[in-house]
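Q: Pasting a predicted model and its sequence here:
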Amino acid sequence: MPNLNKVLIMGHLGKDAETKTLPSGVALTTFSVATSDKWKDKAGLAQEKTEWHLVEVWGKGAEYAASLKKGMAVYVEGKISSDEWMDKEGHNRRTTKIKADRIQGLTPKAATDAGLSADDIPF
């Protein structure tokens with residue numbers, strides 16, 4: 001049976017994207033995206049749950065992603081990846097993130113202010 005590791009999300013940035021250049025010269029940009037589900041419970045009251053997704057973008061895409069700002073709506077396509085490590089207290093920890101291979105700004109005014117096209121998909 002074949003395997004597939006693919007994720008698609010649309011949401012809003014929780015803070016400005018952060019970029020760093022590694023010693024190898026490759027750029028890495030990270031940002032968080034909030035997605036929300038809304039529904040009415042049995043009593044008819046509005047409910048909402050927000051999930052936060054850590055996204056990382058490498059190389060050419062990282063340069064584009066560096067211009068993303070808090071509150072902008074984005075579309076992200078990529079795959080799920082996890083890192084495991086041991087913290088200072090000796091506990092095993094795990095971080096799950098999306099390694100993006102496609103992003104698109106969906107907020108036209110914010111994208112224009114950043115000098116981007118809302119249709120710009122750099123990779």
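A: Perfect, thanks for sending it.
Q: going forward, measure contacts between C-alpha atoms and count neighbours the same way
A: Will do.
Q: Where do the strands of this protein begin and end?
A: 7-13, 18-21, 27-40, 46-58, 73-86, 92-105 (DSSP state E).
Q: Pairing partners for the third one, with directions?
A: For strand 27-40, the paired strands and their directions (DSSP bridges) read strand 7-13 (antiparallel), strand 18-21 (antiparallel), strand 46-58 (antiparallel).
Q: what's in contact with the first one?
A: Strand 7-13 is contacted from outside by 31-36, 68-80, 98, using Cα atoms under 8 Å, 6 or more residues apart in numbering.
Q: out of those, which are buried?
A: Among the contacts of strand 7-13, those scoring as buried are 31-34, 68-69, 71-74, 76-79, 98 (criterion: 16 or more other Cα atoms under 10 Å).
Q: Quick one: low-confidence residue ranges for this protein.
A: 108-123 (pLDDT under 70).
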